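Q: Quick check, what structure comes out for this input:
(2 chains)
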There are 2 protein chains.
Amino acid sequence: MTGTDKSIPISAETGPVVILVDPQMGENIGAAARAMLNCGVTELRLVNPRDGWPSDRAVSMSSGALERMPPVKVFNTTAEAIADLHYVYATTARPRDMVKEVFTPRTAAEDMRVRHNRGERVGMLYGAERMGLVNEDVALASAVITIPLNPGFSSLNLGQAVLLTCYEWLMTGDNTPGQQLVIGDTPPATQGDMDALYNRLETELEERRFFRAPEMKPTVVRNLRALLVRAQMTQQEVNTFHGIISALIGKKLQD
Amino acid sequence: MTGTDKSIPISAETGPVVILVDPQMGENIGAAARAMLNCGVTELRLVNPRDGWPSDRAVSMSSGALERMPPVKVFNTTAEAIADLHYVYATTARPRDMVKEVFTPRTAAEDMRVRHNRGERVGMLYGAERMGLVNEDVALASAVITIPLNPGFSSLNLGQAVLLTCYEWLMTGDNTPGQQLVIGDTPPATQGDMDALYNRLETELEERRFFRAPEMKPTVVRNLRALLVRAQMTQQEVNTFHGIISALIGKKLQD
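A: As a prediction, the model looks like this:
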């Protein structure tokens, strides 16, 4: 498939490049590719993959991602793999004995988005499964990304590290509402619908002597209203509730 | 290990509960456990695991996480598994034909943190590998979490879904600076250190007739200063730079 496939967001074509340095198992390359495409990131480069390339295991583990992404490019050295990029982040533990800007994935993603928007090409380096990146590779990078995980159990596999960093990139361009009430085809109830429901419930309860202590009635009514308004009912639910009241008082359903 | 192990953040002990409904492969349960502990989340419950429990494959895939977490609890039904919780989020695609509050993982995590801080126990439901959660389980949940991924390639495996949602929980309690300059033991250079360096460089260049057009000298000097100040040098780097100038002009190193 081409880069114009509608399943891939437009920004992905020039989004961050993912560079796996000395990757070992094909399965992990495939998992990284799947995580990338989940996040709309499509350009994968490999430096010196231990078991060569292409890899059937990688294709299988990618669940279709590798077939949909542009061809993976393979390089002999990290320097060659990043030569055309303007700013490169090494994902690694906080460096020692090296002066580096260290980002969280979230702030790095914001930084990447700023650079991306002004036309820079950015990339992220990931080390081999057990070893991580060697100091020489970290030194090539403009900055470091360190994922702030549980300090007593912080080891992520390659696919998960790629997922978290690419997810943060995706989120910088995402405009999904953080919270929304999904109500399908039925419209929300109006205040008038709700008022009619409260009034009916109150009347039916009054007739059945629900309010034993008259001085408590205003409080009980107020609390009932608070409960029902909190539920953010739909018109259909209001109708259902009327039906329930009718059933409980032994009246035939009206509609 | 007990819940007081120092590798586990304090908040983890009463953080969100992860509930896997009808999980199939033990490997995926193990990957979920590893992702949880990466994020300091330690309470795992299983509803009706296909291959029973305990599972050697889960232990192996968890990379030590299951041994460090409290014992996993197993339930026959989702209702039993969530009976002691106050608010439960179902991680699933946006529901149809059901009125539900739908959160992104980020906003859900903020909501969880608010509830957690006022003493509620919260949990997240995850469905089986291929099927996801059935409508009956979604209906039991107070709200839904939908991860806004690439719409053309949004299928995550179980471990990755657990990772992203638990990572967002962890981030709501994380206070790592988004960006920091790590410089190790060497202190940053002062403005005075930098000024001495500029002045020396300017003097040496002047002596060697670097500034061919005198009227351009102020601009060239200003640009050189801008370049060096942008690098945020350390004192050690300033010393190294002095040494480089000395070497280039053929002078013996001074210190």
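
Q: C-alpha from now on. contacts and neighbour counts both.
A: Noted.

Q: so what are the domain limits for chain A?
A: A:17-172, A:191-254 (automatic domain parsing).

Q: I figured residue A:120 hits residue A:85, correct?
A: Yes - between residue A:120 and residue A:85 there is a contact under CA atoms under 8 Å: 7.5 Å.

Q: In terms of neighbours, single out the busier of the two.
A: residue A:120 (17 against 13; other CA atoms under 10 Å in any protein chain shown).

Q: Quick check: the more buried one vs chain B, distance?
A: Note on residue A:120: its distance to chain B, by CA to the nearest CA, to the nearest Å, is 18 Å.

Q: Does that residue belong to a helix, a strand or coil?
A: Following DSSP: H, G, I helix; E, B strand; the rest coil, we place residue A:120 in the coil state.

Q: Could you pull up phi and psi at residue A:88?
A: The phi and psi torsions at residue A:88 (degrees, to the nearest 10) take the values phi -130, psi 130.

Q: Then residue A:103?
A: According to degrees, to the nearest 10, residue A:103 has phi -110, psi 150.

Q: before we move on, what about the one 4 residues further on?
A: Reported as degrees, to the nearest 10, the phi and psi values for residue A:107 are phi -70, psi -40.

Q: residues touching it, list them.
A: B:178, B:179 (CA atoms under 8 Å, 6 or more residues apart in numbering or on different chains).

Q: With residue A:88 instead?
A: A:82, A:122, A:123, A:124, A:125, A:141, A:142, A:143.

Q: Closest one to chain B out of those residues, please.
A: residue A:143 (9.3 Å; CA to the nearest CA).

Q: Report how many residues lie close to the closest one.
A: Neighbour tally, residue A:143, other CA under 10 Å: 22.

Q: center of chain A - which residue?
A: For chain A, the residue sitting closest to the mean C-alpha position, by CA atoms, centre = their mean, is residue A:167 at 5.8 Å.

Q: Distance of that residue relative to residue B:62?
A: Distance, residue A:167 to residue B:62, using CA to CA, to the nearest Å: 22 Å.

Q: what is the rounded mean pLDDT of stretch A:137-146?
A: Stretch A:137-146 carries an average pLDDT of 94.

Q: is that stretch anywhere near chain B?
A: No - applying CA under 8 Å from any CA of the partner chain, one finds stretch A:137-146 separated from chain B by no less than 9.2 Å.

Q: chain center to that stretch, what's the gap?
A: Put simply, stretch A:137-146 sits 25 Å off its chain's centre (CA atoms, centre = their mean, to the nearest Å).

Q: Then stretch A:37-48?
A: 17 Å.

Q: Pull the residues that contact it.
A: Outside stretch A:37-48, the residues touching it (CA under 8 Å, 6+ apart) are A:8-9, A:12-13, A:15-23, A:33, A:36, A:65, A:69-78, A:81, A:163, A:166-167, A:169-170, B:149-150, B:153-156.

Q: out of those, which are inside helices?
A: If you go by DSSP state H, those have A:33, A:36, A:65, A:78, A:81, A:163, A:166, A:167, A:169, A:170 in helices.

Q: For the stretch 151-255 of chain A, which segments are assigned as helices?
A: For the stretch 151-255 of chain A, the helices defined by DSSP state H, counting those that start in this stretch occupy A:158-172, A:191-207, A:217-230, A:235-248.

Q: most tightly surrounded among these?
A: helix A:158-172 (a mean of 22; mean count of other CA atoms under 10 Å in any protein chain shown).

Q: From what I see, residue A:221 and residue A:202 are in contact.
A: Yes - judged on CA under 8 Å, residue A:221 makes contact with residue A:202 at a distance of 7.2 Å.

Q: Please check the contacts of stretch A:37-48 and keep the buried ones.
A: The neighbour-count test (16 or more other CA atoms under 10 Å in any protein chain shown) marks A:8-9, A:12-13, A:15-23, A:33, A:36, A:65, A:69, A:74-75, A:78, A:81, A:163, A:166-167, A:169-170, B:149-150, B:153-156 as buried among the contacts of stretch A:37-48.

Q: which non-adjacent residue is nearest the residue nearest to the centre of chain A?
A: Distance criterion CA to CA, 6 or more residues apart in numbering or on different chains; nearest residue to residue A:167, sequence neighbours excluded, is residue A:39 at 5.6 Å.

Q: And residue A:120, by the same measure?
A: residue A:86 (5.7 Å).

Q: Run a quick neighbour tally on that neighbour.
A: Neighbours around residue A:86, by other CA under 10 Å: 14.

Q: Cross the contacts of stretch A:37-48 against strands and list the overlap.
A: A:17, A:18, A:19, A:20, A:21, A:73, A:74, A:75 (DSSP state E).

Q: Next up, the contacts around the fourth one.
A: Put plainly, it is residue A:20. A:29, A:44, A:45, A:46, A:47, A:125, A:126, A:127, A:128.

Q: Quick check: ChimeraX command selecting the buried ones in the residues you listed.
A: Buried members of the contacts of residue A:20, defined by 16+ other CA under 10 Å, are picked up in ChimeraX with:
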select /A:29,44,45,46,47,125,126,127,128
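
Q: of all the contacts of residue A:20, which comes closest to residue B:242?
A: residue A:125 (32.3 Å; CA to CA).

Q: what about residue A:249, neighbour count?
A: So residue A:249, with other CA under 10 Å, has 12 neighbours.

Q: and it, how far is that from chain B?
A: Applying CA to the nearest CA to residue A:249 and chain B gives a distance of 27 Å.

Q: Now for the closest residue to residue A:174 other than its chain neighbours, how many residues are close by?
A: Leaving aside its sequence neighbours, residue A:174 sits nearest to residue B:148 (CA to CA, 6+ apart; 7.7 Å). Using other CA under 10 Å, residue B:148 is surrounded by 21 other residues.

Q: close enough to count as contact, residue B:148 and residue A:177?
A: No - in this structure, residue B:148 is not within contact of residue A:177 by CA under 8 Å, at 9.9 Å.

Q: shared neighbours of those two, which are they?
A: residue B:104.

Q: gap between whichever strand or helix holds residue A:57 and the chain center?
A: Taking DSSP states H and E as the criterion, residue A:57 maps to helix A:56-61. Put simply, helix A:56-61 sits 24 Å off its chain's centre (CA atoms, centre = their mean).

Q: What of stretch A:128-146?
A: The answer for stretch A:128-146 is 25 Å, by CA atoms, centre = their mean.

Q: quick one: terminal-to-terminal distance for that stretch?
A: End to end - CA to CA - stretch A:128-146 spans 16 Å.

Q: And stretch A:204-218, by the same measure?
A: 15 Å.

Q: Check stretch A:209-223 too.
A: Per CA to CA, the first residue of stretch A:209-223 is 18 Å away from its last.

Q: what sits up against that stretch?
A: A:202, A:205.

Q: Tell me the residues on the stretch 51-200 of chain A that lie near chain B, please.
A: Going by CA under 8 Å from any CA, the residues of the stretch 51-200 of chain A near chain B are A:65, A:94-104, A:106-108, A:148-156, A:160, A:163-164, A:170, A:174, A:176-185.

Q: rewinding a little: next up, phi/psi of the residue nearest to residue A:174, please.
A: Here residue B:148 shows phi and psi, under degrees, to the nearest 10, equal to phi -80, psi 80.

Q: Report the separation between it and residue A:171.
A: 8 Å.

Q: cool, residue A:42 as well?
A: 16 Å.

Q: just residue A:92 next, same as before
A: For residue A:92, the distance to residue A:171 - CA to CA - is 21 Å.

Q: And residue A:83, by the same measure?
A: In terms of CA to CA, residue A:83 sits 27 Å off from residue A:171.

Q: And residue A:217, by the same measure?
A: If you go by CA to CA, the gap between residue A:217 and residue A:171 works out to 50 Å.

Q: Could you report the neighbour count for residue A:140?
A: 15.
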